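Chemist: Dropping the sequence and predicted coords here.
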Protein chains: 2
Amino acid sequence: MATGRTHRPATRSRGIPEATVARLPLYLRALTALSERSVPTVSSEELAAAAGVNSAKLRKDFSYLGSYGTRGVGYDVEYLVYQISRELGLTQDWPVVIVGIGNLGAALANYGGFASRGFRVAALIDADPAMAGKPVAGIPVQHTDDLEKIIKDNGVSIGVIATPAGAAQQVCDRLVAAGVTSILNFAPTVLSVPDGVDVRKVDLSIELQILAFHEQRKAGEEAMETMPDGLPSAATTQESADKGPDGDVPAVMPA
Amino acid sequence: MATGRTHRPATRSRGIPEATVARLPLYLRALTALSERSVPTVSSEELAAAAGVNSAKLRKDFSYLGSYGTRGVGYDVEYLVYQISRELGLTQDWPVVIVGIGNLGAALANYGGFASRGFRVAALIDADPAMAGKPVAGIPVQHTDDLEKIIKDNGVSIGVIATPAGAAQQVCDRLVAAGVTSILNFAPTVLSVPDGVDVRKVDLSIELQILAFHEQRKAGEEAMETMPDGLPSAATTQESADKGPDGDVPAVMPA
DNA sequence: CCATCTTTGTGCACGCGTTCACAAAGACAT
DNA sequence: ATGTCTTTGTGAACGCGTGCACAAAGATGG
């Protein structure tokens, strides 16, 4: 991820591939659901179906954590929940601050999913003096001026940025300077951070644009579907791209 | 990551790699900013820096769209904005419905980023009869009973699900049955959809858990830092953080 | 028109992630 | 014990994405 891939191999940090880490929360959620139904064990096939992934992939993912399964039986649900939680670091408390209490920030503050997994909203911070003291989700909003003090007093290492794009980098810099080393960014901007700081981005606009791309593609294919026996037109098949990269008419250009 | 989708044969992408598609919105944003500053052309190096990616990667990405650059000069900003917009399907209007007008749904409705790129909130839908008619972000909330009619009347093909996890699959099924073929899911659930329907997931809880994993790892390494020689954190301000392959991704609600 | 300089476009190699397919391991019945 | 059956754990092949490094293309200046 954002870890220094630029220079060194990163010590093969833990041997757990990034892609696997990203799926662990998914498994954990499925396992938690099973646990609540008091299901004692589950096979890789069943769990994979519940998590929406390939069973071989799931087994390989778990193999990175160790051999926690029993051949011929499956995995012990409770045990696996514990192991994954521990691996993800969810057995400890993670104080989090949310900066930027607008529509989105407030929604995040009210979001119940935080507490459910060891994440605790330690503070809400906003630049608007009028918001100071006003409670949102039961937590009084504090002013940006106190950002550094809040971070340090609460030992916060994870920050959530929900400010407008223009303020994001500045807020980011202050968070990092104050000791935050992981940032979840909702502002539509590319954040620049020093090595050792992780940034994950959540961008609604980008998600929609990606959907639009596929939607357009589907619409195009569908239009061709009315033709005689819809054989795969050259324009829609991919793989060996020996043909020119622009298999489409470039249309015109605006100056 | 490419990404968080549900199933996908991926065998139908018209030659443009999924990873590239996911970056196009990023380039578009950077280009739009340049355009507003009336910058006529940019080199791959400059644009790559602005978008936070490797310049070779950017050039390769653009090569999938065609040869839109001029050697020795760079890319024409306006022209590129147009080409990418067209490729992403942003030159047309995309009516979108948001289902589930709670904290998050309301925040999404108020989010300005939608309209900025051809996405238009055609309707807000909620299961609570008490919400019916109540305006949110200037748009009256409609009841779930009319979901099918709303989808069809507005020609909606993109739906946003911001309901609690328990209702998500049911809402999803109805959206798909009514003709929606692209879904942006904020509910913490794995949605099951028929072939041909794209699902992108935004899960806040998962994002935080991934950050927690790395945070824990960092804490562990730091504890060892007093030991063998030191491979201190190497470069400090190396430039922007390099994002993971999927770059995008996402966030969410209660589990 | 030729030389030089800049920047694109891409061939190539490498590494990560995914998936198949199967041997090994254990449960369970006889 | 022995055999059968189930399910894990993983070796190996494959495909995708990334980034280097360089030749080709065009601009620019003499």
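Modeler: Sure thing, it's come through. Numbers count the residues shown, from 1 in each chain, chains lettered A, B, ... in the order given.

Chemist: Just to be sure, A:Met95 is in a strand?
Modeler: One correction, residue A:95 is Pro, not Met. Yes. According to DSSP: H, G, I helix; E, B strand; the rest coil, A:Pro95 belongs to a strand.

Chemist: Just say helix, strand or coil for A:Gly112.
Modeler: Per three-state DSSP, the secondary structure class of A:Gly112 is coil.

Chemist: roughly how far apart are it and A:Val121?
Modeler: 11 Å (C-beta to C-beta, to the nearest Å). C-beta here means a position set from N, CA and C on the backbone, and glycine is covered the same way.

Chemist: Excluding chain neighbours, what is closest to the residue of the stretch 151-255 of chain A found nearest chain B?
Modeler: Nearest residue of the stretch 151-255 of chain A to chain B: A:Gln216, at 3.2 Å (C-beta to the nearest C-beta). The shortest distance from A:Gln216 to any non-neighbouring residue, by C-beta to C-beta, 6 or more residues apart in numbering or on different chains, is to B:Gly89 (3.2 Å).

Chemist: Can you give me the neighbour number for that neighbour?
Modeler: Per other C-beta atoms under 10 Å in any protein chain shown, the neighbour tally for B:Gly89 reads 19.

Chemist: what sits against it?
Modeler: Contacts here follow C-beta atoms under 8 Å, 6 or more residues apart in numbering or on different chains; on that basis B:Gly89 touches A:212-213, A:215-217.

Chemist: Read off the pLDDT value for it.
Modeler: B:Gly89 is assigned a predicted lDDT (pLDDT) of 96.

Chemist: Quick check: the gap between it and B:Gly196.
Modeler: 17 Å.

Chemist: what do you get for A:Leu47?
Modeler: 26 Å.

Chemist: Report pLDDT for the nearest residue to A:Gly102 once chain neighbours are set aside.
Modeler: Distances taken as C-beta to C-beta, 6+ apart place A:Ala162 nearest to A:Gly102, at 6.7 Å, with adjacent residues excluded. On the pLDDT scale, A:Ala162 is placed at 98.

Chemist: was I right about A:Ala162 contacting A:Leu108?
Modeler: Yes. A:Ala162 lies in contact with A:Leu108 (C-beta atoms under 8 Å); the separation is 6.1 Å.

Chemist: Give me the common contacts of the two.
Modeler: A:98, A:186.

Chemist: what residue is smack in the middle of chain A?
Modeler: Centroid check for chain A by C-alpha atoms, centre = their mean gives A:Arg200 as the closest residue, at 6.4 Å.

Chemist: In a strand, that residue, correct?
Modeler: Yes. The assignment for A:Arg200 by three-state DSSP puts it in a strand.

Chemist: so it sits right up against A:Asn185, yeah?
Modeler: Yes. Using C-beta under 8 Å, A:Arg200 is in contact with A:Asn185, at 7.0 Å.

Chemist: all strands for chain A, in order.
Modeler: Ranges of strands in chain A, per DSSP state E, are A:41-42, A:69-70, A:74-76, A:94-99, A:119-126, A:135-136, A:139-143, A:158-161, A:182-185, A:198-201.
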